[in-house]
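**Student:** Structure for this input, please:
(one chain, ligands or ions: 2)
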Amino acid sequence: MQSVKKYDLVVIGSGPAGEKAAVKAAYFGYKVALIEKEHKFGGAGVQTGTLPSKTLKETALYLSGIYQKGVFGVDKEIGRATGVHDFLYRKNVVTNHMNKIVKYNLEKHGVDLYEGFASFIDKHHLKISGDLEQTIESKYTLIATGSYPYHPEYIPFDHKRVLDSDSILSITKFPKSICVLGAGVIGCEYATIFGAMGVKTYIVNDRDKILGFLDSKISEGLVDQMKKNDIKILFNNSVIDFELPDDDDKPLRLGLKSGETLNVDMFLFAAGRSGQIKGLNCEGIGVKTGNRETVVVNEKFQTNIPNIFAVGDVIGFPALASTSMEQGRIAVTHMFNTADLESLADIFPYGIYTVPEVSMVGITEEQAIETKIDYGVGYSYYRDTARGMIMGDTDSGYLKLIFEKKTKIVLGVHIIGHFATELIHYGMQLVREQKTLDHLIATVFNYPTLHDLYKYASYDGLGNIAGKKVKKAGELI
Ligand SMILES: Cc1cc2nc3c(=O)[nH]c(=O)nc-3n(C[C@H](O)[C@H](O)[C@H](O)COP(=O)(O)OP(=O)(O)OC[C@H]3O[C@@H](n4cnc5c(N)ncnc54)[C@H](O)[C@@H]3O)c2cc1C
Ligand SMILES: NC(=O)c1ccc[n+]([C@@H]2O[C@H](COP(=O)([O-])OP(=O)(O)OC[C@H]3O[C@@H](n4cnc5c(N)ncnc54)[C@H](O)[C@@H]3O)[C@@H](O)[C@H]2O)c1
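**Tutor:** Ligands and ions are numbered 1, 2, ... in the order given. All right, here's what the predicted structure looks like:
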């Protein structure tokens with residue numbers, strides 16, 4: 001009989017959570033194996049979610065020239081004429097390259113890689129089903145199996161025209177019109193990508209707001225920008241009836257809750273994901289699971305079985321690549337007492353890669369009201385800064401600061417506009433370190449840069465609390 005290989009740690013899944021956990025444990029000298037069921041590495045982070053959608057957004061910006069319009073009056077009108085090959089080309093380059101980078105990182109750290117589907121035999125043994133069936137033994141196991149797009153029964157997914165966030169990445173025809181169901185992060189990002197490409201885009205959402213966790217004013221600002229790009233949002237609505245014709249040239253017919261009918265070329269379902277635990281045999285070995293096929297863990301990311309941990313999308317909220325990587329590293333701290341990274345930062349940013357980008361950290365104005373904080377706000381607009389003007393950012397991008405009136409401590413930063421997801425990190429430091437508006441105005445930035453947005457939002461906030469306003473932020477001249 002073949003001897004069973006023994007590991008200190010076996011990681012299931014090579015997404016952001018699994019990769020970072022595996023290489024950290026290996027770096028500290030532990031014997032680590034990683035099992036991945038796909039031929040490619042990186043999970044939703046690299047292959048089907050984060051990086052492909054971010055690359056498609058950059059492609060859409062480039063092909064449409066949407067941000068150059070304000071600079072040279074360029075209007076490429078390229079959307080519909082663009083071939084699907086042009087649209088997907090860069091996405092394929094990025095995912096193929098990042099696949100190699102993840103594999104190289106794992107190999108360089110000496111992690112043993114197994115291709116196949118993992119399932120628990122017992123709490124210390126895993127079966128790997130693939131070309132060869134193998135069993136390996138683990139002191140600790142990390143479940144980092146991610147999530148998959150939820151498929152309600154009434155949607156006839158054919159993955160050609162009726163798509164989820166995985167199959168949208170392999171379309172063979174570029175649509176003239178698309179309906180996106182769900183105005184969560186995935187729905188809004190893809191809707192604005194197609195909107196920028198000149199595709200007639202509809203979003204159907206069951207609530208009266210998009211991205212409910214955002215500061216309301218920012219969420220409304222994004223809705224306004226979407227409307228400018230000819231995206232139609234159908235609020236408090238849903239798809240209740242679906243007709244998928246045999247003939248590809250005929251439109252999909254979507255019956256809405258409101259009684260309206262939408263005829264479109266393509267449909268994207270973006271209304272939720274579930275944890276990927278099918279076939280793992282969690283139930284067989286007694287690992288506690290929760291709603292939407294998630295694994296239940298404590299603050300150390302440990303399940304009810306002490307040698308089995310779980311991280312990333314499979315444990316649910318916040319289900320981000322950024323936080324999943326950290327959770328992987330933190331779980332390893334607790335397995336092997338590396339004493340370096342004990343818990344997830346309590347303040348982290350949200351970055352939504354819509355057109356325009358949105359990013360936030362700290363509290364929203366609604367939360368300030370709810371918690372009865374005596375707060376003030378300060379605004380500054382991209383178009384009022386020299387860098388914004390040079391870049392041609394003449395639309396309604398802005399930065400909003402929320403601060404405590406008495407102490408002037410910054411409590412929240414909200415940005416809508418170009419590079420919002422980059423700019424937010426300075427705001428995160430302000431919130432984490434409880435910096436005040438006075439600290440902010442005493443800071444010298446490179447000039448001209450978009451960081452001026454912070455300085456002028458502070459001046460605006462200070463003017464608001466002093467009741468002295470020489471001009472209004474964003475005042476059109
Ligand atoms: C369209 C989209 C856009 C996104 N954009 C962003 C973004 O901009 N920023 C951000 O921070 N997050 C974003 N996310 C979320 C991010 O992709 C996920 O939070 C992240 O990938 C989760 O990492 P993970 O390692 O937990 O799981 P995954 O990345 O899903 O990886 C899990 C891996 O486990 C493997 N696996 C599963 N079951 C088994 C098994 N039984 N045996 C062996 N292998 C198995 C899978 O094949 C997969 O490779 C986005 C997600 C989507 C869908
Ligand atoms: N930039 C990022 O950080 C980023 C980008 C994409 C995805 N993600 C991650 O992926 C996760 C999943 O994203 P998601 O957008 O699929 O889910 P979600 O749960 O965030 O959003 C789903 C949306 O669909 C709506 N909805 C649900 N059922 C509906 C129905 N029947 N009819 C109409 N509307 C309906 C919901 O009200 C909600 O607005 C997110 O929670 C996020 O963590 C992150």
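**Student:** Do you know the pLDDT at the residue of the stretch 51-200 of the chain found nearest ligand 1?
**Tutor:** Per CB to the nearest ligand atom, residue 146 is where the stretch 51-200 of the chain lies closest to ligand 1, at 2.0 Å. C-beta here means a position set from N, CA and C on the backbone, and glycine is covered the same way. On pLDDT, residue 146 comes in at 98.
**Student:** got it, and residue 158?
**Tutor:** 97.
**Student:** What residues does this protein have near ligand 2?
**Tutor:** The chain has residues 181-187, 189, 204-207, 238, 270-273, 318-320, 351-353 near ligand 2, with proximity defined as CB under 6 Å from any ligand atom.
**Student:** buried subset of those?
**Tutor:** 181-187, 189, 204-205, 270-271, 273, 319-320, 351-353 (16 or more other CB atoms under 10 Å).
**Student:** In helices only, show me these.
**Tutor:** 185, 186, 187, 189 (DSSP state H).
**Student:** Going by distance to residue 88, which of those wins?
**Tutor:** Comparing those against residue 88 with CB to CB picks out residue 189 as the nearest, at 16.1 Å.
**Student:** residues contacting the closest one?
**Tutor:** For residue 189, the contacting residues are 53, 57, 352, 353, 354, by CB atoms under 8 Å, 6 or more residues apart in numbering.
**Student:** Give me the phi and psi for the closest residue to ligand 1 within the stretch 201-350 of the chain.
**Tutor:** Going by CB to the nearest ligand atom, ligand 1 is nearest to residue 312 of the stretch 201-350 of the chain, at 2.0 Å. Residue 312 adopts backbone torsions of phi 80, psi -160, taken as degrees, to the nearest 10.
**Student:** Is it correct that it is in contact with residue 324?
**Tutor:** Yes: contact criterion CB atoms under 8 Å: residue 312 and residue 324 qualify, at 3.7 Å.
**Student:** got any residues that touch both of the two?
**Tutor:** Joint contacts of residue 312 and residue 324 (CB under 8 Å, 6+ apart) are 15, 16, 17, 144.
**Student:** Chain neighbours aside, what residue packs nearest to the last one?
**Tutor:** By that I understand residue 144. Once flanking residues are discounted, residue 144 sits nearest to residue 18: 3.4 Å by CB to CB, 6 or more residues apart in numbering.
**Student:** Give me the phi and psi for that neighbour.
**Tutor:** According to degrees, to the nearest 10, residue 18 has phi -70, psi -40.
**Student:** Contacts only, for it.
**Tutor:** Contact analysis of residue 18 by CB under 8 Å, 6+ apart lists 11, 12, 34, 36, 43, 142, 144, 311, 312, 328.
**Student:** Mind checking which of the residues of the chain next to ligand 2 land in strands?
**Tutor:** 181, 204, 273, 351, 352 (DSSP state E).
**Student:** Using JSON lines, please lay out these together with pLDDT.
**Tutor:** JSON lines is the format used below for those (pLDDT from 0 to 100):
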{"residue": "181", "pLDDT": "98"}
{"residue": "204", "pLDDT": "98"}
{"residue": "273", "pLDDT": "96"}
{"residue": "351", "pLDDT": "98"}
{"residue": "352", "pLDDT": "98"}
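**Student:** Is residue 174 within a helix or a strand, and which one?
**Tutor:** In the assignment (DSSP states H and E), residue 174 maps to no helix and no strand.
**Student:** Can you get me a residue count around it?
**Tutor:** 22 (other CB atoms under 10 Å).
**Student:** same question, residue 4
**Tutor:** 11.
**Student:** Correct me if wrong: it contacts residue 127.
**Tutor:** No: look at residue 4 against residue 127 with CB under 8 Å: they stay out of range, at 10.9 Å.
**Student:** Now for these two: what residues contact both?
**Tutor:** residue 135.
**Student:** how far out from the middle of the chain is stretch 60-67?
**Tutor:** Taking CA atoms, centre = their mean, to the nearest Å, one finds the center of stretch 60-67 at 21 Å from the center of the full chain.
**Student:** how about that stretch as PDB, C-alpha atoms only?
**Tutor:** Listed next in PDB are the C-alpha coordinates belonging to stretch 60-67 (Å, rounded to 0.1, in the frame of the first residue of the first chain):
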ATOM      1  CA  ALA A  60     -13.900  49.700 -21.200                       C
ATOM      2  CA  LEU A  61     -12.300  53.000 -20.100                       C
ATOM      3  CA  TYR A  62      -9.600  52.600 -22.700                       C
ATOM      4  CA  LEU A  63     -11.900  51.500 -25.600                       C
ATOM      5  CA  SER A  64     -14.600  54.100 -24.900                       C
ATOM      6  CA  GLY A  65     -12.200  56.900 -24.100                       C
ATOM      7  CA  ILE A  66     -14.700  58.000 -21.500                       C
ATOM      8  CA  TYR A  67     -12.200  59.900 -19.400                       C
END
